[in-house]
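Asker: one predicted model, sequence on top.
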Amino acid sequence: MKSISYITLLAFSIFSASSFAASNDIAKQFKKLDRNKDGFLSRSETAIDPALWSRFSSYDSDKDGKLALNEYGLYASK
């Protein structure tokens with residue numbers, strides 16, 4: 001029974017580590033796109049990624065004309 005618990009714990013640890021790595025990669029991508037370093041992505045800053053640029057308004061959930069990291073994360077995690 002202990003071996004099953006250890007296997008489960010190991011599986012969760014691996015999943016958590018990979019999730020953290022993915023979110024770290026998303027943050028790095030976001031920083032690269034944020035050319036003016038204001039912490040948001042404007043529509044013009046997303047022009048380098050045609051798929052994101054064309055769907056910009058659908059990811060701008062608060063309709064403020066810019067993407068925060070969490071909004072960009074929805075796009076980048078797909």
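Answerer: Looks like it arrived, so ask away. Treat the numbers as computed from the prediction; the structure is a model and nothing was measured.
Asker: after the helix or strand containing Lys28, next one along is what?
Answerer: Per DSSP states H and E: Lys28 is located in helix 2-33. Using DSSP H and E, the helix or strand that follows helix 2-33 towards the C-terminus is strand 41-42.
Asker: buried residues, stretch 49-69. List them.
Answerer: Asp49, Leu52, Phe56, Tyr59, Asp60, Lys66, Leu67, Ala68, Leu69 (16 or more other Cβ atoms under 10 Å). In short, each C-beta sits where N, CA and C put it, glycine included.
Asker: looking at those, which is nearest Asp25?
Answerer: Distance to Asp25, by Cβ to Cβ, is smallest for Leu69 among the buried residues of stretch 49-69, at 12.4 Å.
Asker: apart from its neighbours in sequence, what residue is nearest the closest one?
Answerer: Phe30 (5.3 Å; Cβ to Cβ, 6 or more residues apart in numbering).
Asker: neighbours of the one you found, how many?
Answerer: 21 (other Cβ atoms under 10 Å).
Asker: distance-wise, check it relative to Gly73.
Answerer: As judged by Cβ to Cβ, to the nearest Å, Phe30 and Gly73 stand 8 Å apart.
Asker: go on, Ile48?
Answerer: 17 Å.
Asker: swap in Asp38?
Answerer: 17 Å.
Asker: more neighbours, those two?
Answerer: Higher neighbour count among Asp38 and Gly73: Gly73, with 18 against 10, using other Cβ under 10 Å.
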